[in-house]
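1. kindly generate the corresponding structure for this input.
(one chain, ligands or ions: 1)
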Amino acid sequence: MKKEILLYFFLSALLTASTSTLTGCASKSTTEAAASATTTTAPAAENTSPPSITLTVPAAVTAASAAASTDATGNIENPASTETVKIELKKVADLANKAAATTEPDHGNTHAATEHTHEATGVAPDVAFGWLKNGNLRFSKQYLRRDGQGKKDIQRLAEGQKPHSIVLSCSDSRVPPELVFDQKLGEIFVVRTAGQALDANAIGSIEYAIEHLGAKNLIVLGHSKCGAVKAAMGTLAGGDAGSPSLNHLVQDIHPRLAEFKGLPASANLVTESWANVRGVAKDLSTRSEIIAGKIKSGEIKVHSGLYDLQSGVVDFK
Ligand SMILES: [Zn+2]
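-> Next up, the predicted model:
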């Protein structure tokens, strides 16, 4: 039985060291989120940094591990070496614990300073905007977070949500905001319509997130080669988009593209899509007293972004 315990310790310590090395502060963030589960429904502590914990397994461990090889039943064959393994693996475990306890996550911009305070007041718009920019950088570099979508996160959020941002985006299947901004459960409130077309339902959804959920950063996200923009351009001079509902949709977009009537389309419809995004951002305040009031008071900020289908990068202007 003693040998089995030592083997268990050996494997556990290796697993601890390996996990810490691979996930760095992602592990810490998850732990912190779990620790706060009883007191807050705030989003999981966002991990915007590369792994920051690097553990070096002492050479003696490697040597001792090789010496203490196991037989087919998993029992350690060389008991004489197990004491060395035990001592050295304890050093590794201590290193891992020390690193997890003392390594402060590097959250890129200003996240670290505020990550534990936003549950009471909501995240400041500039801070939340920085998180989304960092998230898109991670996405475009394919260096994605691993926290924020586990069972504990599901349970933590069951009692309520406090998203730090609202994203109004096109419904295009290639531009899901949670993915392109590398955000997880409970972190962004997403409203999607083709071409970010506005109606009372879309605006009301955004107003709800501002008034009742405390989100202060609002992103209007369009993208290159937008089919809805193309359809709106194709019907600028009149014509049927295909159904009463489709006509209703493109008619909302038409005024924002009026300046392009009769002109050749830009490459990948980038120019027209930018005009649409900016127009939506402007229309939000002209069509919603709540949004206009919050912008005027500085409580919320609105940013326009365009996602590039080729690079995965969101350009903000
Ligand atoms: Zn689109």
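2. can you map out the helices along the protein?
-> Assigned by DSSP state H, the chain shows helices spanning 2-23, 25-35, 59-67, 79-102, 111-114, 118-121, 125-141, 151-157, 177-180, 200-213, 227-234, 244-257, 270-287, 289-297.
3. tilt between the last one and helix 200-213?
-> Spelled out, it's helix 289-297. Using axes from the mean of the first three to the mean of the last three Cα atoms, to 10 degrees, the inter-axis angle of helix 289-297 relative to helix 200-213 is 50 degrees.
4. go through stretch 145-163 and flag the buried ones.
-> For stretch 145-163, a neighbour-count test (16 or more other Cβ atoms under 10 Å) marks 145, 147-150, 152-153, 156-157, 161-163 as buried. Heads up, the C-betas are built off the backbone N, CA and C, glycines and all.
5. how far does it stretch from one end to the other?
-> Terminal residues of stretch 145-163 lie 17 Å apart, using Cα to Cα, to the nearest Å.
6. now do the same contact list for the residue of the stretch 201-317 of the chain found nearest the ion.
-> Closest residue of the stretch 201-317 of the chain to the ion, Cβ to the ion: Cys226 (3.3 Å). Counting by Cβ atoms under 8 Å, 6 or more residues apart in numbering, Cys226 makes contact with 170, 172, 195, 269, 273, 276.
7. next: Ala237.
-> Applying Cβ under 8 Å, 6+ apart to Ala237 gives the contacts 261-262.
8. look up phi and psi at it.
-> phi -90, psi 10 (degrees, to the nearest 10).
9. tell me, how many residues neighbour the residue lying closest to the residue of the stretch 201-317 of the chain closest to the ion once chain neighbours are set aside?
-> Excluding the flanking residues, the one nearest Cys226 by Cβ to Cβ, 6 or more residues apart in numbering is Ser273, at 5.0 Å. Neighbour count of Ser273, defined by other Cβ atoms under 10 Å: 25.
10. and Ser273, what is it in contact with?
-> 222-224, 226, 229, 306.
11. with Glu207 as the reference, measure out to it.
-> 25 Å (Cβ to Cβ, to the nearest Å).
12. do Arg174 as well
-> Per Cβ to Cβ, Arg174 is found 28 Å from Glu207.
13. quick one, which of those two is more surrounded?
-> The neighbour comparison of Arg174 against Glu207 (other Cβ under 10 Å) goes to Glu207, with 18 against 13.
14. test my guess that that one contacts Gly293.
-> No: at 10.5 Å, Glu207 does not count as touching Gly293 under the criterion of Cβ atoms under 8 Å.
15. what's the closest of the buried residues of stretch 145-163 to the ion?
-> Using Cβ to the ion, those come closest to the ion at Pro163, 22.4 Å.
16. how about the nearest residue to the closest one, chain neighbours excluded?
-> Nearest residue to Pro163, sequence neighbours excluded (Cβ to Cβ, 6+ apart): Phe189, at 4.2 Å.
17. isn't that neighbour right next to Val167, touching?
-> Yes: shown here, Phe189 and Val167 form a contact pair, counting by Cβ under 8 Å, at 7.4 Å.
18. looking at those two, which has the bigger crowd around it?
-> Using other Cβ under 10 Å as the criterion, Phe189 and Val167 rank with Val167 on top: 28 against 22.
19. and the gap between the more buried one and the ion?
-> Applying Cβ to the ion, to the nearest Å, the value for Val167 to the ion is 14 Å.
20. please name the residues that touch that residue.
-> For Val167, the contact set (Cβ under 8 Å, 6+ apart) comprises 132, 177, 181, 188-191, 218-219, 221.
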